[in-house]
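Visitor: from the sequence below, what's the structure:
(one chain, ligands or ions: 1)
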Amino acid sequence: MIAEAKQVLKQYFGYDEFRDGQARIIGNILEGKNTVGIMPTGGGKSLCYQIPALMQDGVTLVISPLISLMKDQVDSLLHQGIPATYINSTLSNNEVESRMEEISLGEYKLVYIAPERLESSGFLHFLHTLPIPLVAVDEAHCLSQWGHDFRPSYLGIYKAVNQLSSNPVILALTATATPQVQEDILHHLQIPDQNKVLTGFQRTNLFFQVVKGEDRKRWVEKYVSKNKQHSGIIYCATRKEVENLYLHLEKKGYAAGKYHGGLSDTLRQEQQEAFLNDSITIMIATNAFGMGINKSNVRYVVHYQIPKNMEGYYQEAGRAGRDGVDSECVLLFSPQDIQTQRYIIDQNIVNPELHKNEMQKLRDMIDFVHTEACLQNYILNYFGEHVDQECGHCSNCLDDRESEDVTKEAQMVLSCMMRMNERFGTSLISGVLTGSKNKKILDWGFDRLTTYGLMKDQSQKEVGLFIDYLISEGIIGVEGGSFPVLKVSTKGKEVLMGERKVTRKIQPTVSAIVPKEDGLFHALRNLRKSIADSEGVPPFVIFSDKSLQDMCMKKPKTSEEFLHVSGVGESKLVRYGELFINEISAFLEENPQHQVEIQKPETTYKSNKSDTASYLISFSLFKEHKKIKDIAKERGMSTATIENHIIRTYQEGMMDDWSILFTEEEEILIEKAVSKVGTGLLKPIKEELPKEISYFQIKGYLVKAGQK
Ligand code: ADP
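Guide: Numbers count the residues shown, from 1 in each chain. You can find the predicted model right below:
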């Protein structure tokens, strides 16, 4: 069975091998076992239900909380030659009805819905009538209120699915589940522990970095200027910060987008699309952005402020490098942000137990910033996974900077705080230390303190950053909400007494990320963008960066070579093979120095009949003027399936001879019926027409009319 699944993997998705966990999950499903799959973002969870969906009769239901993701997922599947659709609140009633009708007619292998739809008894009744071999529950951590995205509607899934007459297998998938959340998912969906497939959360292509005590506006500016050609997301904790940073970068001439809950739906939609389409490369957003963004070529995620928990952090950071290409995740830490997060928790969580839980999560997040051990390992430990080896490429693993002894400076700050009776915040303390003539300082008489002007060789800002550093090291404590007051901690007292040393590493310089791309990559990326624009889909739906990189490496000249490129299945070969092969050869002609000997792959991929996309086989028989009935018989498939295959070839423009479908007179009849009852549903059209005219002909007509 797995051999068959592997063939589907190659044929539709263009990959040679399963990734860790995929084969086990797919094997479980095909054996009829309810399963929980826990894999990191970008680990390839979608394939775990898409492949069984293709291998089994009937339609697979995918439950996802992410409405904005559905369209992209469906577009990607259609581009891979897989019939899929979605039903959600963005559709009109007419659209919903016609999709439901198409689903009943067996036109789709996958249907995406939001969990709330299962609360409709009418929809449940409809599901009862369908053959559903599998229900995939995406983002299954939404089931648990100990998780970070609890959705009450998820609690109704088990009961609804359990009642379905086709008794489907359940597959629950998530990327971010602590042991407690995993337990909740298993328990709620009544899945035995042995059916849990946990692959590990490690993302070896992500390079984690924590940057402390930097002027972050300046840091971000440098960073985006060094990484202009890459797409990245910058997460801020509040709408206000998003607006501030957006204005700042805009003023500096960067084409950035912004996204937060305070913007209108239309504006958010526009900004999101511009980012997905690579029209803008920087997205500045609150955590409202990203649920459902499966753009695979995000090369960096910067957290401008500390997020409120590790789950949120890893999920957001994990949006970098879904295509497996090296990417960076940078957390800019400034101690005041802890207050912001505390405030957000205080405002939003009333239940004392949940409040305590959230505060603990925030503390775990803060510890991540302070740890000097491997950052990747810290994350893995948090999710209950223990690894011995360090990642070797996070900012802690790579940190071989010399440390400076800054005990004396720390003592100056601490003693100044003591003299000011520990009643003030960073700005006033740094003002006193640098000898500011600020009115408040003079009014309080702080200019008479012995610590006044003690650090006047530095700017007030630099001293402020040093204070931030002492806070992040736990030498100074922060109390209070909107106007935090700094206190000397126990650790700080030891420093004052000369019992503890303070060292500080020299701050790192901002680096450009990821390998430099060559001209061929640029050429292919431009081609991808123009195809994507003309098809109205995001570029990554056409090909991932990884596929483009692989093309740059393999420089395919023939269709057969093109099929060897990672991510090229048969549908993509048919659609884009020629365009990309031509682009590569044109580039090589102009740049002969790029022509290098390409190693022959060990095994040659042979395209045989069983490997060819199913609808293309039907198409070739249809072109030979065989009748649908006969093709169905020959292929052992239903006539409805064959008809759908043929309709697809018309939709994709491979076929344009409409006379095989209907005569001119028949076309006029259908046209009249359509103008009378509209195109919303097929049934009313059919009822307007003589019996001999089939649904097949009507669908064909609608495709033709849509292309006129
Ligand atoms: P997830 O849902 O776990 O975040 P996706 O299913 O979106 O991840 O997959 C992430 C990327 O990895 C996609 O571009 C997908 O095509 C690719 N991918 C999935 N499985 C494989 C595989 N076996 N080999 C190579 N690439 C794969």
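
Visitor: residue of the stretch 501-650 of the chain with the smallest distance to the ligand?
Guide: Here the residue of the stretch 501-650 of the chain nearest the ligand is S544; by C-beta to the nearest ligand atom that distance is 4.9 Å. For every residue, glycine as well, the C-beta is placed using N, CA and C.

Visitor: that residue reaches V298, doesn't it?
Guide: No: using C-beta atoms under 8 Å, S544 is not in contact with V298; the gap is 11.2 Å.

Visitor: nearest residue to the residue of the stretch 501-650 of the chain closest to the ligand in space, ignoring adjacent ones along the chain?
Guide: The spatial neighbour of S544 that comes closest, neighbours along the chain excluded (C-beta to C-beta, 6 or more residues apart in numbering), is D323 at 4.1 Å.

Visitor: same check on R322?
Guide: Leaving aside its sequence neighbours, R322 sits nearest to G42 (C-beta to C-beta, 6+ apart; 3.7 Å).

Visitor: distance of the residue nearest to the spatial centre of the chain relative to the ligand?
Guide: Within the chain, the residue whose C-alpha comes closest to the C-alpha centroid is N294; the distance, by C-alpha atoms, centre = their mean, is 3.7 Å. If you measure N294 against the ligand using C-beta to the nearest ligand atom, to the nearest Å, the figure is 5 Å.

Visitor: for V135, helix, strand, or coil?
Guide: The three-state label for V135, taken from DSSP: H, G, I helix; E, B strand; the rest coil, comes out as strand.

Visitor: how about the contacts made by it?
Guide: V135 makes contacts with T60, L61, V62, I63, I157, V161, L164, P168, V169, I170, L171, as judged by C-beta atoms under 8 Å, 6 or more residues apart in numbering.

Visitor: shouldn't the first one be in contact with L130?
Guide: The one in question is T60. No: the pair formed by T60 and L130 falls short of the contact definition of C-beta under 8 Å, at 10.4 Å.

Visitor: for these two, indicate the residue with more neighbours.
Guide: When T60 and L130 are compared for neighbours, T60 comes out ahead with 25 against 18, by other C-beta atoms under 10 Å.

Visitor: pull up the residues of the protein that are close to the ligand.
Guide: Taking C-beta under 6 Å from any ligand atom as the criterion, the neighbours of the ligand within the chain are 15, 17-19, 22, 39, 41-47, 294, 296, 322-323, 544.

Visitor: ok, 5 Å please
Guide: Taking C-beta under 5 Å from any ligand atom as the criterion, the neighbours of the ligand within the chain are Y15, R19, T41, G42, G43, G44, K45, S46, L47, S296, R322, S544.

Visitor: so which helix or strand takes in K691?
Guide: Element membership of K691 [criterion: DSSP states H and E] is none; it lies in no helix or strand.

Visitor: relative to V59, how far out is it?
Guide: Applying C-beta to C-beta, to the nearest Å, the value for K691 to V59 is 28 Å.

Visitor: and S544 and V298? which has more neighbours close in?
Guide: In this view S544 and V298 are compared by other C-beta under 10 Å, and V298 has more residues nearby, 26 against 21.

Visitor: for the stretch 301-450 of the chain, which segments are assigned as helices?
Guide: Remark: helices assigned in the stretch 301-450 of the chain by DSSP state H, counting those that start in this stretch are 310-317, 336-348, 352-370, 375-382, 407-419, 426-433, 439-444.

Visitor: any chance of TSV for those, columns mean neighbour count, distance to D468 and mean pLDDT?
Guide: Shown next, in TSV, are the helices of the stretch 301-450 of the chain (neighbours: other C-beta atoms under 10 Å; distance: least, C-beta to C-beta, whole Å; pLDDT from 0 to 100):
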stretch	mean neighbour count	distance to D468	mean pLDDT
helix 310-317	24	20	91
helix 336-348	16	8	81
helix 352-370	16	11	84
helix 375-382	21	19	91
helix 407-419	19	11	96
helix 426-433	22	7	94
helix 439-444	13	20	93
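
Visitor: any chance of the ones you listed in CSV, with distance to K217 too?
Guide: Output for the helices of the stretch 301-450 of the chain, formatted as CSV (distance: least, C-beta to C-beta, whole Å):
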stretch, distance to K217
helix 310-317, 20
helix 336-348, 14
helix 352-370, 19
helix 375-382, 24
helix 407-419, 23
helix 426-433, 17
helix 439-444, 25
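
Visitor: so which of those helices gets nearest L189?
Guide: In this view, these are compared for proximity to L189 by C-beta to C-beta, and helix 310-317 is the closest at 19.6 Å.

Visitor: packing partners of the closest one?
Guide: For helix 310-317, the elements it packs on are strand 298-303, strand 327-333, helix 352-370, helix 375-382, judged by 3 or more C-beta pairs under 8 Å, 6 or more residues apart in numbering; DSSP states H and E.

Visitor: elements contacting the shortest one?
Guide: What it means is strand 298-303. Secondary-structure packing of strand 298-303 (3+ C-beta pairs under 8 Å, 6+ apart): helix 216-226, strand 231-235, helix 310-317, strand 327-333.

Visitor: quick one: mean pLDDT over stretch 217-236.
Guide: Mean pLDDT, taken over the full extent of stretch 217-236, equals 91.

Visitor: start to end distance for it?
Guide: The first and final residues of stretch 217-236 sit 12 Å from each other (C-alpha to C-alpha, to the nearest Å).

Visitor: got it, and stretch 179-199?
Guide: From its first residue to its last, stretch 179-199 covers 14 Å (C-alpha to C-alpha).

Visitor: stretch 83-98 too?
Guide: Using C-alpha to C-alpha, the gap from the first to the last residue of stretch 83-98 comes to 15 Å.

Visitor: which residues touch that stretch?
Guide: Stretch 83-98 has contacts (C-beta under 8 Å, 6+ apart) with 67, 70-71, 73-74, 77-78, 99-100, 102-103, 107-114, 117, 644, 648, 680-682.

Visitor: buried stuff in that stretch?
Guide: By neighbour count with 16 or more other C-beta atoms under 10 Å, stretch 83-98 contains the buried residues P83, A84, T85, Y86, I87, N88, S98.

Visitor: could you give the bridge partners of the second one?
Guide: In this case it means A84. L110 (DSSP bridges).

Visitor: look up how far C329 lies from it.
Guide: Distance check for A84 against C329: by C-beta to C-beta, it reads 31 Å.

Visitor: now swap in the first one and tell me
Guide: For P83, the distance to C329 equals 36 Å [C-beta to C-beta].

Visitor: which intervals of the chain have sub-threshold pLDDT?
Guide: Counting by pLDDT under 70, the ranges of the chain that qualify are 147-148, 213, 291-292, 400-401, 480-483, 505-518, 593-614, 636-638, 680-681, 707-708.

Visitor: quick one, domains of it?
Guide: For the chain, the structural domains run 2-198, 206-382, 403-505, 519-595, 613-707, going by automatic domain parsing.

Visitor: burial measure for E479, as a count.
Guide: By other C-beta under 10 Å, the residues close to E479 number 10.

Visitor: also G577?
Guide: As a burial measure, G577 scores 20 neighbours (other C-beta under 10 Å).

Visitor: what helix or strand does G257 sit in?
Guide: strand 256-259.

Visitor: now that strand - C-alpha only, PDB.
Guide: As requested, C-alpha coordinates have been extracted for strand 256-259 and formatted as PDB (Å, rounded to 0.1, in the frame of the first residue of the first chain):
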ATOM      1  CA  ALA A 256       6.200  47.300   3.300                       C
ATOM      2  CA  GLY A 257       2.700  46.000   4.100                       C
ATOM      3  CA  LYS A 258       0.800  46.200   7.300                       C
ATOM      4  CA  TYR A 259      -1.800  43.900   8.900                       C
END
